[in-house]
Structures are given as structure tokens and as C-alpha cells.
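Enquirer: task: produce atomic coordinates for the following.
(one chain, ligands or ions: 2)
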Amino acid sequence: MNSVYTTTITREARKRGIHIEVIDRRTPIFVLRHKGKSIRCYNALTDRVGAVTFQMTQNKRLANGFLKSCGFPVPAQQLFTDSATAGRFLKRYRRIVVKPCSQWGGRGVSVAVKTVAELAHAVRFARQFEEEIILEQYVEGVDYRLIFVDFKFVAAIRRRAARVEGNGRDSIRKLVQAKNRRERRVDPSHVIPLDAETDRNLKVLGLSQDTVPPAGQGVCVRLTTNYHTGGDVDVVTHSVSRKLVALARRAVKVLGVPVMGIDFLVDEATGRPWLIELSPDLAISPPEGEEVARHFMDFLFPETKR
Ligand SMILES: Nc1ncnc2c1ncn2[C@@H]1O[C@H](COP(=O)(O)OP(=O)(O)O)[C@@H](O)[C@H]1O
Ligand SMILES: [Mg+2]
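Expert: Numbering: from 1, shown residues only. Ligands and ions are numbered 1, 2, ... in the order given. From the prediction side, this is the model:
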């Protein structure tokens, strides 16, 4: 109940005189009550979303299939069954992403897998988190999350993969450790993992943990853009492409989830969007969180709107 994903919401509720009843301290389940009305929440996920709809949107395989059938631009995807079939998928798309079906925060995700050996390793990595694994066509682009509350567009963030800046003296390992020490004081979940996937990503970029980048040079060290793998977030609500907003709005309507994050990778040169993930249990957190939490409370308790 003390994580930022919960407190961003409960702080806004308190400001409006909405009572918070904690159901479980370790899991962020609570009830918001105001003048005889009550809504059960799991952070930003509420009983306003149907259980079946939640399953369908939260599971990356089901979401991709449904979105594809509705004509949305999604990367090609295949459920991992055996290495021979997976090898054929890799051969067809040349670079692929391997991920567990229903995790979050970049857990177990391997990006730009190019060889059969990397594929076997990526499947083992994903399996640490879940039995069901998907293979996905790798698509290039800038990562945007568009956030909707009450089916209305309220915020957009751009997410960038974890980076460090060279000083001409320290290795990437040292630069990452120093950045992690600083970040840990602010948010322990915002650190760059120094694991096998980071090593593989560095190798893709022709680097290693021992490389000493020149002073002033920014180096991308992880291919996933998740905040939980050390990525950085900028709020771009007012500058994001209106075409992208319209596409996301259509997805929110079709899916029937009033509060949701829609994640895209957008090709910078062509503007071509790929819809890669739906977040019906969207994390309301800084930097855009306060604004989103206000809309969230307006949606749940319109009578408290200021
Ligand atoms: N098909 C893809 N092509 C390129 N990069 C991808 C693809 N799918 C995911 N990624 C990268 O991996 C990250 C994590 O994958 P995602 O499907 O969003 O899982 P999670 O639920 O863990 O966030 C994305 O934010 C993106 O940076
Ligand atoms: Mg994601």
C-alpha cells in the first residue's frame, strides 16, 4: 500500500474526502468510499472492468490476436511450442522478441533476438517468469504510452531505454552502478539490471560492460524501454501525434476498458505505429501520475470533481 502506484491514487482520494479502506496491506487492494458509494480497486484496476475483458487485454497473446482481428497494426506473433517451430519464426522475421505472456515491467523480455542460441536462452529467461511464452516480430520505433480515463485521452508518455553518459574514464559497468546508486535513493525499482540480457543488448550494440565510452557520449545499455529496466520517461501529452491518439481511442472503445494505457512503438521516419501492449492495470505513477489520478477520481467519483 506504500508504493507510489498506490499513494498517487490514495493521496488524490484523501484530498477529496474519499475514505480509503485497506483490504490487504501487502497487495494494493482497497475500497474507496464516498457518500454511500464504494469502489473496489487494485491500484488503478477497478471493478468497473469486466473480469473476462481484463484477461483478454492483459494477456499479450489474447490481446495481440483480438487487436489483429479488429484491424489494428500489431507485430506478428506466435505462441512458443517447440524449438523447431520457433526457429522457423525466427528465420522468417530475422529479429524477434521473446516474452512471457502476462508479465509486466520488462520481466523476462529479450529484444532483438537473432540466433537460434539466443532464442534458446531467451526462452529459458522468459520461463523463469511464466510457462506461456510468445515470440514476436521485432519492430523498431519510439515507445509511447497513451493513457485514457473514462475513454478520454488524458496523458501520453515517451519511454526511452536505459542510458548512461560516458566520462572518458569509467566503464559501462561502473557508470551503470553509479547511476543505480543515485536512482535507488529515489526509487529502488528504477535501476538498470546488470544481467545476461543487458550483456546481450550491449553485444548487439558492439559494446560490453568493460567498454569505456568517451566523455559526453550517451550509451543505450538495454533494449527494453520499461521504467523497471532503468528506462526514462518524458511526458508528451501535448506534442504526441493526434493520429496516434485517434488510433488509441479506437482501441479503447473496441476493448471497452475505460481506464487503460495503450503502448505503441512508432517508426520516427514514417510515423508508422505498432500497437504492442495494452495495460488495463495501468500504473499511475510520476511524472504524469498526479494528472492521471485527478481524472481517475473524477471518473470514479464525479460528484467530487473540482
Ligand atoms: N515487438 C517488439 N519489437 C521491439 N521491441 C519490443 C517489442 N515488444 C516489446 N518490445 C520492447 O520490450 C519492452 C517490454 O515489452 P512489453 O511487451 O511491453 O512487456 P512488459 O509488459 O514487460 O512491459 C517494450 O517496452 C519495448 O521496449
Ligand atoms: Mg510494456
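
Enquirer: list the contacts for S208?
Expert: Neighbour list for S208: I172, D199, L202 [criterion: CB atoms under 8 Å, 6 or more residues apart in numbering]. No exception for glycine: its C-beta is placed from N, CA and C like everyone else's.

Enquirer: out of those, which end up buried?
Expert: I172, L202 (16 or more other CB atoms under 10 Å).

Enquirer: and which of the contacts of S208 is nearest F129?
Expert: D199 (18.6 Å; CB to CB).

Enquirer: quick check: that closest one touching Q209?
Expert: Yes - the pair D199 / Q209 is scored as a contact, 6.7 Å apart, by CB atoms under 8 Å.

Enquirer: report all helices and strands that the helix or strand hosting R182 contacts.
Expert: Using DSSP states H and E, the element containing R182 is helix 172-186. The helices and strands touching helix 172-186, judged by 3 or more CB pairs under 8 Å, 6 or more residues apart in numbering; DSSP states H and E, are strand 163-165.

Enquirer: OK, contacts around the spatially closest residue to T46 that is not a sequence neighbour?
Expert: Distances taken as CB to CB, 6 or more residues apart in numbering put I39 closest to T46, at 5.5 Å, once the chain neighbours are dropped. Contacts of I39 were listed using CB under 8 Å, 6+ apart, and they are V31, L32, T46, D47, R48, L300.

Enquirer: from the chain's centre, how far out does the helix or strand hosting R61 sit?
Expert: Using DSSP H and E, R61 maps to helix 60-69. Centroid separation for helix 60-69 versus its chain: 17 Å, with CA atoms, centre = their mean, to the nearest Å.

Enquirer: same check, this time on stretch 109-121
Expert: Worked out by CA atoms, centre = their mean, stretch 109-121 lies 20 Å from the chain centre.

Enquirer: and stretch 285-305, by the same measure?
Expert: The answer for stretch 285-305 is 20 Å, by CA atoms, centre = their mean.

Enquirer: noted, bye for now.
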